[in-house]
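below are the sequence and a predicted model for it; my questions follow.
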Amino acid sequence: MNFRPTAQELIPELTLRQEMVVLARALWREGYNDHLAGHITVSLGDGTLLCNPWLLTWAEFKSDQVLHINLDGEVLEGDWPVPPGIPLHLALHQMRSDVTWAVHNHPLFGTVWADMGEIPPVLDQSSSLGGGALTLVNEYTGPVNDPTSARRAVEQMGAATLALLAGHGVFVLGTSARSVHQRAVALEQRCHHAWLARAAGGGTRSFLPEAFLTAMAGSDGEGFIGFWEAAVRAELRAEPDLAG
């Protein structure tokens, strides 16, 4: 038997709003669950964005509560307020046309490494999945609800697709829900495993070949068919009306 399903055959077709909700649920389970904190945005390519609403956790908002906003942070469609930290995403989408999806939150181990102002090593292959370049934004000039601080953080990221924001949290960028999900999961796993290895007295070097690490870092996060789809199915099993 040679069964090679396409990504579309593994999950039902979802709208962008539904994908955002499923992504939020899946990442909440992965530790992106700092109470009301966190923002997800999707650039629609016309100077407007979709984003999650303020006052609802990632574990509870639904697709009909997703906001449609402009790059000034004004609500074009939706009944809920915009998250206070949205200036970080506004600055990003104004400056980075290569980014479609962006995720910011304060997962435990990613935030610990950000608090230490240090980039953790990649110690195992799963921690490298999703690819992308990780950088440290090592200057905390204020909360990202301040447009100046938000813009400075994005400027310091340069062309990176993953960032540890010192004294704050993480920022994960990509071209689809699939890519940011893969990258966000791998980033928290990288941070978690590196912390445990250091606590055990190891973790000073990676046994992975440099050629492998370079190849994985260059990944666009789109290649692991099945990983995102498995997360989607898990969330739809847990909450069957999620895509409704």
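Happy to help now that I have it.

list the buried ones in stretch 153-167?
By neighbour count, with 16 or more other Cβ atoms under 10 Å as the criterion, the buried positions of stretch 153-167 are 153-154, 156-157, 161-166. Every C-beta, even on glycine, is put in place using the N, C-alpha and C of the backbone.

residues making contact with it?
88, 91-92, 95-96, 99, 110, 113-115, 117, 119, 131-141, 144, 170-174, 183, 187 (Cβ atoms under 8 Å, 6 or more residues apart in numbering).

going by neighbour count, which of those are buried?
88, 91-92, 96, 99, 110, 113-114, 119, 131-132, 134-137, 144, 170-174, 183, 187.

of these, which belong to helices?
Members of the buried ones among the contacts of stretch 153-167 lying in helices (criterion: DSSP state H): 88, 91-92, 110, 113-114, 183, 187.

residue 88: what's it in contact with?
Listed by Cβ under 8 Å, 6+ apart, the contact set of residue 88 reads 39, 104, 144, 150, 153-154, 171.

tell me the least confident of those?
Minimum pLDDT for the contacts of residue 88 is recorded at residue 144 (81).

quick one, what contacts that residue?
Shown in contact with residue 144 (Cβ under 8 Å, 6+ apart): 85, 87-88, 104, 150, 153, 165, 168.

let's go with 6 Å and repeat that
85, 87-88, 150 (Cβ atoms under 6 Å, 6 or more residues apart in numbering).

and the residues you listed, which two are furthest apart?
Spanning the widest gap among the contacts of residue 144 are 85 and 150, at 7.9 Å by Cβ to Cβ.

higher neighbour count, those two?
residue 150 (22 against 19; other Cβ atoms under 10 Å).

quick one, phi psi at that one?
phi -60, psi -50 (degrees, to the nearest 10).

tell me the contacts of the spatially closest residue to it that is not a sequence neighbour?
Excluding the flanking residues, the one nearest residue 150 by Cβ to Cβ, 6 or more residues apart in numbering is residue 87, at 3.9 Å. Listed by Cβ under 6 Å, 6+ apart, the contact set of residue 87 reads 144-145, 147, 150.
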